[in-house]
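In: Turn this into a model:
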Amino acid sequence: MTDQGNQDAIDRAWRDLVNTARRTASEGLVVGTSGNVSVRAGGLVLVTPSGIPYEQLGPEDAVGVDLDGRQVLGEFTPTSELPLHLAVYQHTSASAVVHTHAVHATAVSTLVPELPLIHYMAAAFGGPVRVAPYALYGTDELAAGMLDALRDRTGCLLQNHGTVTYGATLAQAYDRTAQLEWMSRLWLTASAVPGLTPSLLSEAQLQEAGEKLKGYGQRP
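Out: So this is what the prediction gives:
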């Protein structure tokens, strides 16, 4: 790829990242400057900067690091959750990562070790969504716990903290975040009915749904 072609790809990726970050705020998955988003552009990882409102980010504000975390693009300091993002890229096939403080998902993270199988969309994550143990934000300890919770999964909850999802694209990573928040809200809503316990899916039912989901959507 030419230098201009490479720059065009970075510009497109940054634009998509900013739009995704703004969407997490507009759809109530984060408050203020909490949460963060990243996307790979070749050997570069573009990330949201620390403490900058998403609506203030422009085309000239791109922030990028290499896979070892060395900043190679931009003036702003990368998100404090950079170790978390890099850990996902180093240990999975991710091309994009979304981290939020979504209310219902975070509430679930304080109650159970994994989100109960309340809906078949858990199959889109590879199985029951696990909760990583609490650790201070921005630390290697948090990243290590997250990786364990992500084993054979495309998303997890962070105890008393929030959500992490990844995907082949920013759109896919964001959709998984939205689905995780929706499933969390569903379980909390059903569990709140006095005197009743929500029915849950079996592993066999989840596997059956997962096979069917592989063929979901439009064919090329």
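In: Check the offset of the biggest helix by length in the chain from the chain's centre.
Out: The longest helix of the chain (DSSP state H) is helix 3-26. Mean-position distance between helix 3-26 and its chain equals 16 Å (Cα atoms, centre = their mean, to the nearest Å).
In: same deal with stretch 97-117?
Out: With Cα atoms, centre = their mean, you get 11 Å for stretch 97-117.
In: what's the span of it, first residue to last?
Out: 23 Å (Cα to Cα, to the nearest Å).
In: for that stretch, which positions count as buried?
Out: Residues of stretch 97-117 classed as buried by neighbour count (16 or more other Cβ atoms under 10 Å): 97-106, 108-109, 114-117. C-beta: built from backbone N, CA, C; applies to glycine.
In: So which of the residues you listed belong to strands?
Out: Mapping the buried residues of stretch 97-117 onto strands (DSSP state E) picks out 97-100.
In: which stretches of the protein form strands?
Out: 36-41, 44-47, 64-65, 71-73, 96-100, 131-132, 155-158, 162-167.
In: Report the inter-axis angle for the first one versus helix 3-26.
Out: So that's strand 36-41. Relative orientation of strand 36-41 and helix 3-26, computed by axes from the mean of the first three to the mean of the last three Cα atoms, to 10 degrees: 160 degrees.
In: go on, the last one?
Out: With the same axes, to 10 degrees defining the directions, strand 162-167 sits at 140 degrees from helix 3-26.
In: Packing partners of strand 162-167?
Out: helix 82-91, strand 96-100, helix 103-109, strand 155-158, helix 170-191 (3 or more Cβ pairs under 8 Å, 6 or more residues apart in numbering; DSSP states H and E).
In: Out of these, which is the most enclosed?
Out: Among the helices and strands packed on strand 162-167, ranked by average contacts under mean count of other Cβ atoms under 10 Å, first place goes to strand 96-100 (a mean of 29).
In: For that one, which strands pair with it and how are they oriented?
Out: Its sheet considered, strand 96-100 pairs with strand 36-41 (antiparallel), strand 162-167 (antiparallel) by DSSP bridges.
In: residue with max distance from the center of this protein?
Out: residue 195 (34.2 Å; Cα atoms, centre = their mean).
In: is it true that residue 156 touches residue 132?
Out: Yes: at 5.6 Å, residue 156 counts as touching residue 132 under the criterion of Cβ atoms under 8 Å.
In: any common contacting residues for those two?
Out: Listed as contacting both residue 156 and residue 132 by Cβ atoms under 8 Å, 6 or more residues apart in numbering are 146, 149.
In: what's the closest of the ones in strands among the buried residues of stretch 97-117 to residue 209?
Out: Residue 209 lies nearest to residue 98 out of these, by Cβ to Cβ, at 23.1 Å.
In: Who is the residue lying closest to residue 39 once chain neighbours are set aside paired with across the strands?
Out: Leaving aside its chain neighbours, residue 39 sits nearest to residue 96 (4.5 Å; criterion: Cβ to Cβ, 6 or more residues apart in numbering). As for beta bridges, residue 96 partners with residue 39, residue 167 under DSSP bridges.
In: thinking again about what came up before, would TSV of the ones in strands among the buried residues of stretch 97-117 with distance to residue 38 and pLDDT be doable?
Out: Shown next, in TSV, are those (distance: Cβ to Cβ, whole Å; pLDDT from 0 to 100):
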residue	distance to residue 38	pLDDT
97	5	98
98	8	98
99	8	98
100	13	98
